[in-house]
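Colleague: mind folding the following:
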Amino acid sequence: MIKAVSAGDLLIDFNTISTDSLGYPALQANPGGDVGNYIAAMSRFGADAYFIGKLGNDAFGHLIMKTLEDIGVNTSGIVVTDDAFTTLAFVTLDETGDREFSFARKPGADILLDFDEIDLTILDGADVLHISSVGMTDEPSRTALRKLAEYAKSRGVLISYDPNLRLPLWKSEEEAREQMLWGLSIADVAKIGEEEIDFIYGFGCTPEDGAQRILALNDNLRLVFATCGARGCFYNNRAAKGFVPAMSDIRVIDTVGAGDIFGGSAMFRLLSLGKSIEALNGDELDDIVRFACTAAGLSTTKHGGIPSIPSLEEVERAMK
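Modeller: Residues are numbered from 1 along each chain as shown. Here you go, the predicted model:
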């Protein structure tokens with residue numbers, strides 16, 4: 001069985017489900033967080049899934065814990081604290097229809113994770129450790145996640161990374177870019193979106209160019225998924241590259257968590273093949289990305305992150 005570990009932020013997304021006549025949004029609470037959505041997707045598909053992180057000893061922390069346990073994620077690596085509240089994210093739409101994130105995290109419990117609180121035995125026998133930049137916006141969790149990734153790397157665990165850009169959480173753009181580049185330097189597999197490629201490498205860099213540039217600049221990196229939202233995803237390893245379009249003819253109602261679900265779905269499909277990343281050919285990579293695009297697409301037809309993850313049967317049926 002695939003063993004997957006995810007570490008970092010857990011939070012409640014308050015998603016806009018409707019707007020009244022005055023323009024005020026009605027918000028629905030959904031357990032999530034980018035690395036939480038990722039590991040929940042892997043668990044939903046059948047992986048032996050574990051989470052390492054920190055929650056507040058409050059109603060929302062208890063809700064997240066129960067949600068992860070209900071979907072099959074082992075929560076023994078989650079520390080509960082009375083020193084801070086569980087992080088909340090309010091997701092609204094701006095005048096152009098794009099998402100805006102407002103965070104109640106000053107600090108949130110997730111950012112208070114200390115390396116000494118981590119049970120490193122959770123990584124025993126693990127196939128992959130997934131982290132993102134969201135858990136590295138401040139101390140002590142930044143150091144905790146960096147040390148955890150370095151420890152996992154030394155044990156031969158695959159490192160998956162998502163430089164998920166949430167600028168309101170960073171003290172400066174320079175700090176954000178520095179930490180994202182570190183994550184890409186240690187990762188074996190990276191899932192990166194158009195916004196992150198533009199932020200790290202400059203305006204005018206396409207997802208296809210970005211995937212190739214990231215591989216060229218990072219010797220450890222072996223596979224890049226460069227996602228393009230509703231268009232699809234470019235993929236690149238050292239032997240093959242290609243593009244898979246996103247699902248079409250679906251009614252999209254909420255895209256929150258779709259990129260994270262893509263990442264977890266792609267990793268599940270990749271590990272299911274039982275081959276090294278270097279040995280994956282174009283047809284196999286195409287299948288991995290098509291599976292992930294389908295899972296992510298189906299998730300956008302429901303509200304929330306973790307609650308929107310489809311079953312393995314639903315994804316395979318949609319692929320046919």
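Colleague: could you export stretch 60-72 as PDB, CA atoms only?
Modeller: Taking Å, rounded to 0.1, in the frame of the first residue of the first chain, the C-alpha atoms of stretch 60-72 are listed here in PDB:
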ATOM      1  CA  PHE A  60     -12.900  24.400  14.200                       C
ATOM      2  CA  GLY A  61      -9.800  22.400  15.200                       C
ATOM      3  CA  HIS A  62     -12.100  19.500  16.300                       C
ATOM      4  CA  LEU A  63     -14.000  19.700  13.100                       C
ATOM      5  CA  ILE A  64     -10.900  19.500  11.000                       C
ATOM      6  CA  MET A  65      -9.600  16.500  13.000                       C
ATOM      7  CA  LYS A  66     -12.900  14.600  12.700                       C
ATOM      8  CA  THR A  67     -13.100  15.400   8.900                       C
ATOM      9  CA  LEU A  68      -9.600  14.000   8.300                       C
ATOM     10  CA  GLU A  69     -10.300  10.900  10.500                       C
ATOM     11  CA  ASP A  70     -13.600  10.300   8.700                       C
ATOM     12  CA  ILE A  71     -11.800  10.300   5.300                       C
ATOM     13  CA  GLY A  72      -9.200   7.800   6.700                       C
END
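Colleague: okay, buried residues for that stretch please.
Modeller: Residues of stretch 60-72 classed as buried by neighbour count (16 or more other CB atoms under 10 Å): 60, 61, 63, 64, 65, 67, 68, 71, 72. The way it works is simple: take the backbone N, C-alpha and C, and place the C-beta from them, glycine included.
Colleague: which other helices and strands contact the helix ranked longest in the chain?
Modeller: When the chain is parsed with DSSP state H, its longest helix is helix 282-299. Counting contacts by 3 or more CB pairs under 8 Å, 6 or more residues apart in numbering; DSSP states H and E, helix 282-299 packs against strand 223-227, strand 232-237, strand 241-245, helix 258-272, helix 312-319.
Colleague: between the buried residues of stretch 60-72, which is closest to residue 107?
Modeller: residue 61 (14.1 Å; CB to CB).
Colleague: work out for me the element the closest one sits within.
Modeller: Applying DSSP states H and E as the criterion places residue 61 in helix 59-70.
Colleague: output the contacting helices and strands for that helix.
Modeller: So helix 59-70, by 3+ CB pairs under 8 Å, 6+ apart, packs with strand 11-19, strand 25-32, helix 34-45, strand 48-56, strand 74-81.
Colleague: coming back round to it: got JSON lines for the helices and strands packed on helix 282-299, with mean neighbour count and mean pLDDT too?
Modeller: Below are the helices and strands packed on helix 282-299 laid out as JSON lines (neighbours: other CB atoms under 10 Å; pLDDT from 0 to 100):
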{"stretch": "strand 223-227", "mean neighbour count": "27", "mean pLDDT": "95"}
{"stretch": "strand 232-237", "mean neighbour count": "24", "mean pLDDT": "94"}
{"stretch": "strand 241-245", "mean neighbour count": "16", "mean pLDDT": "94"}
{"stretch": "helix 258-272", "mean neighbour count": "26", "mean pLDDT": "97"}
{"stretch": "helix 312-319", "mean neighbour count": "15", "mean pLDDT": "95"}
